[in-house]
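Student: how would this look folded up:
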Amino acid sequence: MTLKKVFTKPKSIYAILLLGVFTFLFLGAEYMYVNMLSLTAGEEKTVIAQNYALGVSAVGFFLYPLLYRAMKKRGQIAVLTFLAFAATVCIFLIQKHISYLSTMLVGMALFLFLGLLGSVIHCLFFYLAADRDLRLILLLIDMRHKPSKDDLQMIEFLVEAELPFLIVLTKADKLNKTERAKRMEAFQTEIPYFSQIHIIPFSAVTREGVEDVQAVLEEIAADSEDSEPEDDASAQ
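Tutor: Okay, here's the model as predicted:
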């Protein structure tokens, strides 16, 4: 896919606009912050406070990925809502410029929030603008144990991103009939969206599930071959 085609996709255009709006807001906030500081202090102190604020924003930018791993979807939405509200309050307080110290501290809080928000925006940008052609994702989960936290996060991500996937339950040969029935029953509550996901018990030893996985892959491959002539024709 050519660069022109990638960046004319609706998702790519949305990603560019999103990044552009954030950049405009960030630079506007920085200009306002410096302007308000200059009303309460000299040039040297203003430059120092500006450098502190930019440094704090960098901390916020790198802090978000760590917070993301520790939060569930509801927590992420709550954090983003809080960041937007807190940033609005900070902007209001900065415009009051009561004193140099209070303006500087509130500004540092603002740019910490903007750094966190900027990290979110950049993650969305690369996600939306990326040229992905994922036809199917196989998520491997050990059938003997309940899904790990990483497994559950991946399932949530794949469902939210609307990416095609199926779950392969490995080590099926390690369980007897009773244990297997118990694990399958437990998976119904342990795995979110269980009834909506294609799940295949699999064993590399007994080769159970090999034909099922192979059939799915062959179907995906056939669909891909059928769509290629249409893509070539549209490109011409």
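Student: Show me the helices in the protein, by range?
Tutor: Here the chain has its helices, by DSSP state H, at 3-6, 10-38, 43-70, 73-96, 100-129, 149-160, 177-190, 210-235.
Student: Can you redo the ones you listed as CSV, where the extra columns are mean neighbour count?
Tutor: No exception for glycine: its C-beta is placed from N, CA and C like everyone else's. Shown next, in CSV, are the helices of the chain (neighbours: other C-beta atoms under 10 Å):
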stretch, mean neighbour count
helix 3-6, 10
helix 10-38, 15
helix 43-70, 15
helix 73-96, 14
helix 100-129, 19
helix 149-160, 14
helix 177-190, 12
helix 210-235, 11
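Student: and those helices as CSV, adding distance to Leu138 and mean pLDDT?
Tutor: Output for the helices of the chain, formatted as CSV (distance: least, C-beta to C-beta, whole Å; pLDDT from 0 to 100):
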stretch, distance to Leu138, mean pLDDT
helix 3-6, 26, 52
helix 10-38, 24, 86
helix 43-70, 22, 86
helix 73-96, 23, 83
helix 100-129, 21, 85
helix 149-160, 11, 86
helix 177-190, 17, 94
helix 210-235, 7, 72
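Student: now those helices in TSV, with distance to Ile199?
Tutor: Formatted as TSV, the helices of the chain follow (distance: least, C-beta to C-beta, whole Å):
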stretch	distance to Ile199
helix 3-6	34
helix 10-38	29
helix 43-70	25
helix 73-96	22
helix 100-129	26
helix 149-160	11
helix 177-190	8
helix 210-235	10
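Student: for those, which one sits closest to Val168?
Tutor: In terms of C-beta to C-beta, the element of the helices of the chain nearest to Val168 is helix 210-235, at 6.5 Å.
Student: between the helices of the chain, which gets nearest to Leu140?
Tutor: Within the helices of the chain, the stretch nearest Leu140 is helix 149-160; the backing value is 8.9 Å (C-beta to C-beta).
Student: Alpha carbons of that closest one, in PDB - could you do that?
Tutor: Taking C-alpha atoms only, helix 149-160 is exported to PDB below (Å, rounded to 0.1, in the frame of the first residue of the first chain):
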ATOM      1  CA  LYS A 149      -4.200 -10.800  33.600                       C
ATOM      2  CA  ASP A 150      -2.300 -10.200  30.300                       C
ATOM      3  CA  ASP A 151      -4.700 -12.700  28.600                       C
ATOM      4  CA  LEU A 152      -7.700 -10.800  29.800                       C
ATOM      5  CA  GLN A 153      -6.300  -7.500  28.800                       C
ATOM      6  CA  MET A 154      -5.500  -8.800  25.300                       C
ATOM      7  CA  ILE A 155      -9.100 -10.100  24.900                       C
ATOM      8  CA  GLU A 156     -10.500  -6.800  25.900                       C
ATOM      9  CA  PHE A 157      -8.200  -5.000  23.500                       C
ATOM     10  CA  LEU A 158      -9.000  -7.300  20.600                       C
ATOM     11  CA  VAL A 159     -12.700  -6.900  21.200                       C
ATOM     12  CA  GLU A 160     -12.600  -3.100  21.600                       C
END
